[in-house]
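Undergrad: Let me see the structure of the following:
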Amino acid sequence: MQKSKWLTLLVLAALLAAVFLPILFSGSAQIRQAETAMAAGNYNEAAVSYENAARLAPWRMDLLEQGGLAYMQAEDYPNAIRLYEKAYNAGALDDANWHFFGWAHWMNRDHPAALKIWQEGAAAHPTYALFYDALAMSRRELKDYLSERDALKKWVALEPESAQAHYRLGLILMLLEPEQAITDLLLASSLDPQFDPAAQTLRTALNLSAMQPDASQQMVTIGRALGLVNEWELSAAAFQNALELDDKNGEAWAWLGEAKQQTGKDGRAELDKALRLDSQSVIVRGLRGLYWNRQGKYSQALAEYLLAARIEPGNPAWQAEIGNARARLGDLTSAMAAYQRATELAPNETTYWRLLAVLCAENGIYVEEVGLPAAQKAVELAPADPAALDALGWSYLASGRYFTAEQTLLQVIEIDPNYLPAQLHLAMTYLSQGKRVEAFDLLSRMQEADPQGGNGQFAEQLLEQYFP
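TA: From the prediction side, this is the model:
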């Protein structure tokens, strides 16, 4: 009887082996294929193999996760969601793949679903820091800065060495709790030097803001600083805060108009409101002039700058803007006079001498009498400034001093190899000297480096003109 029982068990084991061993071997082969495909960067192939392996070994939830990750790397987000969904429903997602599950929905443009998944993931795995990075990002899109702040605080608590998290938290605190912002900004700066210039700019603004007696103006100062570090969405929120504190603040309206333009909106209504509230503000006039400049309506821009100069006659910046507007309108004599007036108001500022030199070189007027001496003065004031040296090189080119122009422009490129205006003027110098090979090589590199920018497009025009 005992022998019969053991015989039955052996037969059953043999039958099970006959059924399942081929499945196991087949599943192992699919996993090996997936691993080989992943190593070769064939992510779609790897994902299919992982999914096949998971079908053969349904108890292996990790194969669904690996398949989902492979689909993510293949940028096939619907299929990634499908596999992750299976693991999620089985309660088998680990923290990292739960995070990727959210990203699959985000990249598939279902942001509410992504937010829900990350919230659930953070609740299930509260010590996984990347959930809070994702939650902060998703809240930022909704402009829910209070919730973003809370997520960032949890992120830095888990990853105190993250400079990025401290920096973003510092930015949000400038908007919500300015007195608390400096700590995180300086921490970001100490952890990663790339944040130092922005952190110092914001620190200065916080100090200036604290000195302002008016809460609305404090927020305007903070908003301007956020704009300086190219955080225009937060900048707009700061100006909105300023207006909630004082809706008659004309400068806040003007700056809100500027912030809207920087974020792809029009901003005209805000600028008009600013004018009605404070027509004597040079800030309002200047920002309106900038608006009209962007619209290509230089007569309107000129009118704003003339009014700003009347209100603030000692400010050379308004003379420079007047010069730019007059040049755009083709009145080069008046433009030159305005730039000259700017140099008289600020004789030790290299910028205004450079602008005067560029006007002459660009338009071929009074290069010897006015432009070249202005460029030389600009370099005298700032010997290592690429922009000033470029203006000098361009002036030499405009005056026919090709060898000197070449040497000066090469000096600019040695100081700053990425300064494209100098490369463009050097290419023009080469063309003037008959150095076609050098010109072609330089223009081709510029076109590749700056295909959408003004310098790259002008390089393309020169290539088409001289090398058809």
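
Undergrad: Grab the nearest non-local neighbour of Gly227.
TA: For Gly227, ignoring the flanking residues on the chain, the nearest one in space by CB to CB, 6 or more residues apart in numbering is Ser235 at 4.2 Å. Heads up, the C-betas are built off the backbone N, CA and C, glycines and all.

Undergrad: all strands of the stretch 301-450 of the chain, in order?
TA: Applying DSSP state E, counting those that start in this stretch to the stretch 301-450 of the chain gives no strands.

Undergrad: sorry, that was for the stretch 101-250 of the chain
TA: Under DSSP E, counting those that start in this stretch, the stretch 101-250 of the chain gives no strands.

Undergrad: quick one, helices of it?
TA: 111-124, 130-141, 145-158, 163-176, 178-191, 196-210, 215-228, 232-245, 250-262 (DSSP state H, counting those that start in this stretch).

Undergrad: can you list contacts of the third one?
TA: Residues external to helix 145-158 that are found in contact with it (CB atoms under 8 Å, 6 or more residues apart in numbering): 122, 127-129, 132-133, 135-136, 139-140, 162, 165-166, 168-169, 172-173, 175-176, 184, 234, 237.

Undergrad: quick one: low-confidence parts of the stretch 351-468 of the chain?
TA: By pLDDT under 70, the stretch 351-468 of the chain has no low-scoring segment.

Undergrad: how about the helices in it?
TA: Under DSSP H, counting those that start in this stretch, the stretch 351-468 of the chain gives helices at 372-381, 386-398, 402-415, 420-433, 436-449, 454-466.

Undergrad: tell me the most buried of those?
TA: Ranked by mean neighbour count under mean count of other CB atoms under 10 Å, those are led by helix 386-398, which reaches a mean of 26.

Undergrad: and stretch 215-225, average pLDDT?
TA: Mean per-residue pLDDT for stretch 215-225: 96.

Undergrad: In a markdown table, list the helices of the stretch 101-250 of the chain along with mean neighbour count and distance to Arg285.
TA: Below are those laid out as a markdown table (neighbours: other CB atoms under 10 Å; distance: least, CB to CB, whole Å):
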| stretch | mean neighbour count | distance to Arg285 |
| --- | --- | --- |
| helix 111-124 | 18 | 41 |
| helix 130-141 | 21 | 33 |
| helix 145-158 | 19 | 31 |
| helix 163-176 | 23 | 27 |
| helix 178-191 | 19 | 28 |
| helix 196-210 | 17 | 22 |
| helix 215-228 | 22 | 16 |
| helix 232-245 | 21 | 18 |
| helix 250-262 | 24 | 9 |
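
Undergrad: Could you export these to CSV, including columns for distance to Leu64?
TA: What follows is those, written out as CSV (distance: least, CB to CB, whole Å):
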stretch, distance to Leu64
helix 111-124, 16
helix 130-141, 20
helix 145-158, 27
helix 163-176, 31
helix 178-191, 37
helix 196-210, 43
helix 215-228, 44
helix 232-245, 38
helix 250-262, 44
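
Undergrad: Would you tell me which of those gets closest to Ala87?
TA: helix 111-124 (12.2 Å; CB to CB).

Undergrad: what's that closest one in contact with?
TA: With CB under 8 Å, 6+ apart, helix 111-124 has contacts from 93, 95, 98-99, 101-103, 105-106, 128, 131-132, 134-135, 138, 141, 154.

Undergrad: That'll do, ta.
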